[in-house]
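Undergrad: Let's see this in three dimensions:
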Amino acid sequence: MPKHPVIAIAGLACETSTFSPARTAAADFHPRRGREIIDRYAFLHSGTPLGDKASWEGALIGHALPGGVVTRLAFEGLANEIVTRLAQICESCTVDGLWFDIHGAMCVEGMNDAEAELLQRIRVVIGSRVIVSASMDLHGNVSPQLAHQTDLITCYRMAPHEDELDTKERACRNLVGMLTSKDYTSNRPFKAWSKIPILLPGEQTSTRAEPAKGLYELVPQAESTRGVIDAAIWVGYAWADEPRSHAVVMVTGWDAEAVTQQAHRLATQFWDSREAFHFVAPTGTLAECIEHALQSDRRPFFISDSGDNPTAGGAGDVTWTLARVLARPEFQATDGPVVVYASIPGQQAADTIARAGVGATVTVIAGAEVDSIHEGPITMTGRVHAIKHGDRDAIIECVLQVGSVFVVITKLRKPYHHESDFTELNLAPRSADIVMVKIGYLEPELYEMAADWRLALTPGGVDQDLPRLGHCRIHRPMWPFDKSFAKLPDLTPRLIPSSNEAFPDNFQG
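TA: I've put the predicted structure just below:
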């Protein structure tokens, strides 16, 4: 092994709802290539411990906003480019490792296990000798096939994902540590995989609250066990109707007994906690949440329009909630309670508002260009409050005041997670009476800002009422779809074959 191992980087990341009519195209991944990948991650830069211990070679990574299923054309184009670029890297040097930078809940037209398919194609090029370390979102799905083709695998330990970069750095640190260890030979770590028949949305499994908080606090304890390299718990992704959609525990390390014991401990704790999971905030119908906000004296009062959350896979253009907000008499007059609503996409509406300019009165039609299942497009007449050009996702952002409601209208969909997202549009969310955001649990800045908060159970491609979505391909029984189990699930961890061994056709997972 050379003094500095060569590690390639590749991966595609997109959290995709199979219940959304939206489709994700290649351009949505905003691909980065070569040096652009290294530049993205400061922990790989020269002068850092990881940057100085390995030679990093970027192939291609793509990170798309959560959305609808990825088109087969997009996947094939990006996957082929990844394979081609990796082949070029392998021709120029001996590749020792691969960092597989993924999310884990990417659904592709005509595929059941997109990340495993992508890694299988990558393995054809890099071979079975190369050590692969994957980093994932805890809302990803880990099939036995994906676990088989990786050697090291880890995921976030916080929801919201404040530890995203820490997790990616850990995946790289584990990989570099293995490749540079004086004791490393050609042996591969043991991988204990346990399937847990639970499928819950992130809003019921936030690590801000119990039981997820306590469950994830057990992960570092398991990781500190002698013979263990890494421990991870995947909640899974609830809005993908695929056989691999369920919770998983994986523990990797050099001691088969230790990884098996720790995986069983975590899996058992997860299963035993199933009835304790609850929404991270008080919930209700939209009408109930608005009534509570109007009666409250706590400002600003946040309401999550959760069913169309674009950062969970919603199309982002469902008009159901906005139509009902604008119809309420409390918000008809300009001196009514100040409501900020973020957001609704409308390509023509954004262009029209941008041409009209701030201060103009315009009538526009927006929304339901993609998801019109629940409500059609909405017509609004109001005064243009703000216009902003150049956002990476939205392209154009506008604010239209309709009565006392300040509606953020975008050319393309965009999530609103930061206070600056509002202030740069001449909005003052801290001074508003109600702030309504297409989101599930509040991201850190919004959570800090909110004096109070309710999660509205609204319709959309990421509806929090999972049973009414109509899953038909997940394995049953599955909590909470099924509350009665004829027999308790077998949580015994299975040792996944190493990546340089054949995967058995009769693997029981």
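Undergrad: and residue 120, what is it in contact with?
TA: By Cβ atoms under 8 Å, 6 or more residues apart in numbering, the residues touching residue 120 are 145, 149. For every residue, glycine as well, the C-beta is placed using N, CA and C.
Undergrad: Using CSV, list the CA coordinates for the helix or strand harbouring it.
TA: Here residue 120 sits within helix 114-126, counting by DSSP states H and E. Output of helix 114-126 as CSV, limited to C-alpha atoms (Å, rounded to 0.1, in the frame of the first residue of the first chain):
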residue,chain,number,x,y,z
ALA,A,114,-31.1,2.6,-7.2
GLU,A,115,-28.1,3.1,-5.0
ALA,A,116,-27.3,-0.6,-5.0
GLU,A,117,-27.6,-0.6,-8.8
LEU,A,118,-25.3,2.4,-9.1
LEU,A,119,-22.7,0.9,-6.8
GLN,A,120,-22.9,-2.4,-8.7
ARG,A,121,-22.0,-0.6,-11.9
ILE,A,122,-19.2,1.2,-10.1
ARG,A,123,-17.8,-2.1,-8.8
VAL,A,124,-17.5,-3.4,-12.4
VAL,A,125,-15.0,-0.6,-13.0
ILE,A,126,-13.1,-0.3,-9.7
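Undergrad: In stretch 428-441, which residues are buried?
TA: By neighbour count on 16 or more other Cβ atoms under 10 Å, the buried set for stretch 428-441 is 429, 432, 433, 434, 435, 436, 437, 438, 439, 440, 441.
Undergrad: quick one, phi psi at the last one?
TA: As for residue 441, its main-chain torsions (degrees, to the nearest 10) stand at phi -70, psi 150.
Undergrad: quick one, what contacts it?
TA: 159, 160, 202, 203, 206, 208, 280, 281, 304, 447, 455.
Undergrad: how about a cut-off of 6 Å?
TA: Applying Cβ atoms under 6 Å, 6 or more residues apart in numbering to residue 441 gives the contacts 203, 206, 280.
Undergrad: ok so, going back, name every strand pairing with the following helix or strand past the helix holding residue 120 and say which way it goes.
TA: Heading C-terminal from helix 114-126, the first helix or strand you meet, by DSSP H and E, is strand 131-136. Sheet partners assigned to strand 131-136 using DSSP bridges are listed as strand 97-101 (parallel), strand 152-155 (parallel).
Undergrad: got the contact list for strand 131-136?
TA: With contact meaning Cβ under 6 Å, 6+ apart, strand 131-136 is reached by 97-100, 102, 104, 150-155, 167-168, 171, 174-175.
Undergrad: repeat that with 8 Å
TA: With contacts defined as Cβ under 8 Å, 6+ apart, strand 131-136 is touched by 96-104, 119, 123, 142, 146, 149-156, 167-168, 170-172, 174-175, 178-179, 188, 232, 234, 499.
Undergrad: before we move on, back to that, reformat the strands paired with strand 131-136 as CSV; add distance to residue 192.
TA: Shown next, in CSV, are the strands paired with strand 131-136 (distance: least, Cβ to Cβ, whole Å):
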stretch, distance to residue 192
strand 97-101, 19
strand 152-155, 11
